[in-house]
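Q: make a model of this:
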Amino acid sequence: MDLVLGIDLGTGSSKGVLVDGFGSVIATETIAHAIELPRPGWAEVDAERLWWREVCEISRKLTARLPVGAGIKAMCVSGVGPCLVLCDAELRPLRPAILYGIDTRATVEIELLTEGLGADAILDQAGTVLSSQAVGPKLEWVYRHEPEVFAKAAGWYGSNSYIAAKLTGEYVMDHHTASQCDPLYATRDFDWNLQWAERICRHLPLPRLVWPTEVIGTVRPDAADATGVPTGTPVVAGTVDAYAEAFSAGVRHPGDLMLMYGSTMFLVQVIDEYHPDPTLWTTAGVERGTLALAAGTSTAGSLIAWLQTITGDAPLDELMAEAGAVPPGSEGLLMLPYFAGERTPVFDPQARGVVAGLTLRHGRGHLVHAAYEGISFGIRQILERFDDAGSSTRTVAVGGGLRSPLWAQTLSDITGRVQLVPEQAIGASYGDALLAAIGIGMVPGDTDWARIEREIVPNPAAVSFYDDLYGTWRELYPSTKDVVHQLTESHPVRDAQH
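A: Numbers count the residues shown, from 1 in each chain. The predicted structure follows:
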């Protein structure tokens, strides 16, 4: 039996899966972990002690569970991103990895690079404006604040390309990850923007660009000893976890859209023409020569968890029952779910949550229902921007938040979209397995393992109601923005120990 190994390094856990050529799952492994938050605005991971150790542990456990006569024909690793891992010539990380948009330390560097390169030029070439999601300003931050680290660095990596280097010794980066390393990559041209990249990277060489389905090398003897994966096993490049998950869900063609329900919400839509939008992220896609739009909120499931905590830690089933009994519109409540600022489409780190219309007759069920509505209104706002680049033809829903029927139904009612839910819910590691299988020619390049299990269909009466309410919700942010910003500046968020 020929199997492929997929591993994903997520924010809250690492997951691995063994899959055969028909997409059947043979075995899985998961290791929970936590990221480090050493200072306000910082989010880091020890790349060697956490990411590499967990890849080794998951690989050893899964290889020990191989059926008799089975063998691993290829492996592929995805991970959170875009991230920054700076290593010396021996591939030793010189500092903790700086994580994606949740790490906001490089605010000054974003402003300096935007001013120096020009906001319009960056949008035109990179496909997005600079934000905390971008790697370029984080490289600049290390150069300015930790010059001794920068000087010792011999290479820079993302989460998956660091693991690829540990496995194979190859210095590569997949095109999609590179396209989130703004402003180093010219998304329009699928290549490094050499002038800007050399300015920001300075002495650091640029990784060789590959597509996520490409074989980049084979497992070296030392990596084989550490992982249990045989020496010489082909390694496929992989990519950022959200895109690997979209791939696993069959989001492959222009118009295909993934909605990922989680602590935040993340959206990926494949597009057929380059479409820079200052309120979204325009990136290279997973498959060769493809493009995608992406968007992400700052809260979603995390907001529901917070409401559960502050209203007495009621069992989730009880809370969902109370929220489900509340009619559309939450009996006069509207909520802006910006409790941790907001990413797309407002890009406002100073935004805060707003609850409008609260009265003494409202209970916690109303608040939870209004939160689901606020989250869903925000997704509708993003989808309208996506539609400017070409209407979506399929909407595929994935993620743990689908365990809440109320959330999923509310989103369909507010957006008017039918959501397709795949049978297989493992996520990005399953997509990695498919990338590995395609990369070595074990299956044809157009193979899609996603099988749709069910549909979430909008309720026509609710759709009509929410169409009217959406206009009111859209007025809430501009109407309260100035006051909220004043409060934010007067009472900045401090870390927990203060």
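
Q: would you map the strands across the stretch 301-450 of the chain?
A: 334-336, 354-356, 394-398, 419-422 (DSSP state E, counting those that start in this stretch).

Q: now those strands as CSV including mean neighbour count, mean pLDDT and distance to residue 273?
A: To be clear about C-beta, it is placed using only N, CA and C from the backbone, and glycine gets the same treatment. Formatted as CSV, the strands of the stretch 301-450 of the chain follow (neighbours: other CB atoms under 10 Å; pLDDT from 0 to 100; distance: least, CB to CB, whole Å):
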stretch, mean neighbour count, mean pLDDT, distance to residue 273
strand 334-336, 23, 98, 33
strand 354-356, 18, 98, 36
strand 394-398, 24, 95, 18
strand 419-422, 20, 96, 24
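
Q: may I see these arranged in TSV, with distance to residue 172 as well?
A: Listed next are the strands of the stretch 301-450 of the chain as TSV, based on distance: least, CB to CB, whole Å:
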stretch	distance to residue 172
strand 334-336	42
strand 354-356	45
strand 394-398	27
strand 419-422	30
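
Q: among the ones you listed, which is nearest residue 187?
A: strand 394-398 (23.6 Å; CB to CB).

Q: need the contact partners of that closest one.
A: 245-246, 248-251, 255-261, 408, 417-422, 425, 427, 450, 452, 456 (CB atoms under 8 Å, 6 or more residues apart in numbering).

Q: which of these fall in helices?
A: Among these, DSSP state H puts 245-246, 248, 408 in helices.

Q: make a markdown table out of the residues you listed and add neighbour count.
A: Output for the ones in helices among the contacts of strand 394-398, formatted as a markdown table (neighbours: other CB atoms under 10 Å):
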| residue | neighbour count |
| --- | --- |
| 245 | 28 |
| 246 | 31 |
| 248 | 32 |
| 408 | 21 |
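
Q: so residue 295: helix, strand or coil?
A: Under DSSP: H, G, I helix; E, B strand; the rest coil, residue 295 falls in the strand class.

Q: how many other residues sit next to it?
A: 23 (other CB atoms under 10 Å).

Q: and what of the one 4 residues further on?
A: Close neighbours of residue 299, defined as other CB under 10 Å, add up to 24.

Q: hang on, it packs against residue 262?
A: No - Residue 299 is beyond contact range of residue 262, at 10.5 Å (criterion: CB atoms under 8 Å).

Q: identify the farthest-apart pair in the ones in helices among the contacts of strand 394-398.
A: Farthest pair in these, by CB to CB: 248 and 408, 18.6 Å.

Q: and the residue lying closest to residue 330 once chain neighbours are set aside, how far from residue 465?
A: Leaving aside its sequence neighbours, residue 330 sits nearest to residue 370 (CB to CB, 6 or more residues apart in numbering; 4.0 Å). Distance, residue 370 to residue 465, by CB to CB, to the nearest Å: 14 Å.

Q: which member of the ones in helices among the contacts of strand 394-398 is positioned nearest residue 378?
A: Using CB to CB, these come closest to residue 378 at residue 408, 15.2 Å.

Q: domain assignment for the protein?
A: 2-242, 251-423+459-498 (automatic domain parsing).

Q: which stretch in the ones you listed is the model least sure about?
A: Mean pLDDT across the domains of the chain is lowest at domain 251-423+459-498; the value there is a mean of 93.

Q: isn't residue 295 right next to residue 344, touching?
A: Yes - between residue 295 and residue 344 there is a contact under CB under 8 Å: 3.9 Å.

Q: find the residues that touch each one of these two.
A: With CB under 8 Å, 6+ apart, residue 295 and residue 344 have common neighbours 280-281, 382, 385.

Q: output those in JSON lines; the columns should cover distance to residue 310.
A: Shown next, in JSON lines, are these (distance: CB to CB, whole Å):
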{"residue": "280", "distance to residue 310": "32"}
{"residue": "281", "distance to residue 310": "32"}
{"residue": "382", "distance to residue 310": "27"}
{"residue": "385", "distance to residue 310": "32"}
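
Q: can you show me the helices along the stretch 201-350 of the chain?
A: Per DSSP state H, counting those that start in this stretch, the stretch 201-350 of the chain carries helices over the ranges 221-227, 241-248, 301-310, 316-324.

Q: for the third one, buried residues please.
A: For helix 301-310, the buried set under the neighbour-count rule, 16 or more other CB atoms under 10 Å, comprises 301-304, 307-308.

Q: angle of that helix against helix 316-324?
A: 100 degrees (axes from the mean of the first three to the mean of the last three CA atoms, to 10 degrees).

Q: run the chain-centre distance for helix 301-310.
A: How far helix 301-310 lies from its chain's middle: 21 Å, per CA atoms, centre = their mean, to the nearest Å.

Q: check the shortest one too.
A: A distance of 29 Å separates the centroid of the chain from that of helix 221-227, by CA atoms, centre = their mean.

Q: list the buried ones in that helix?
A: 223-224, 226-227.

Q: redo those as JSON lines? Include distance to residue 349.
A: Below are the buried residues of helix 221-227 laid out as JSON lines (distance: CB to CB, whole Å):
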{"residue": "223", "distance to residue 349": "40"}
{"residue": "224", "distance to residue 349": "44"}
{"residue": "226", "distance to residue 349": "40"}
{"residue": "227", "distance to residue 349": "39"}
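
Q: for residue 87, give its distance to residue 385.
A: For residue 87 relative to residue 385 (CB to CB), the value is 37 Å.

Q: hang on, isn't residue 357 packed against residue 334?
A: Yes - with contact defined as CB under 8 Å, residue 357 counts as touching residue 334 (5.9 Å).

Q: buried residues in the host helix or strand of residue 6, which are they?
A: For residue 6, the host element (DSSP states H and E) is strand 2-9. Within strand 2-9, the residues scored as buried using 16+ other CB under 10 Å are 3-9.

Q: and those residues as TSV, adding distance to residue 439?
A: Putting the buried residues of strand 2-9 into TSV (distance: CB to CB, whole Å) gives the following:
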residue	distance to residue 439
3	14
4	9
5	12
6	11
7	14
8	16
9	19
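
Q: quick one: residues contacting the closest residue to residue 458 other than its chain neighbours.
A: With sequence-adjacent residues excluded and distances taken as CB to CB, 6+ apart, residue 458 is closest to residue 412, at 4.5 Å. Going by CB under 8 Å, 6+ apart, residue 412 touches 418-419, 456-459.

Q: can you rerun that using 10 Å?
A: Contact analysis of residue 412 by CB atoms under 10 Å, 6 or more residues apart in numbering lists 376, 395, 397, 418-419, 455-459, 462-463.

Q: closest one of the residues you listed to residue 474?
A: Of the contacts of residue 412, the one sitting nearest to residue 474 (CB to CB) turns out to be residue 376, at 12.9 Å.

Q: isn't the closest one up against residue 466?
A: Yes - the pair formed by residue 376 and residue 466 meets the contact definition of CB atoms under 10 Å, at 8.2 Å.

Q: need the overlap of contacts for the two.
A: In contact with both residue 376 and residue 466: 410, 413-415, 473, using CB under 10 Å, 6+ apart.
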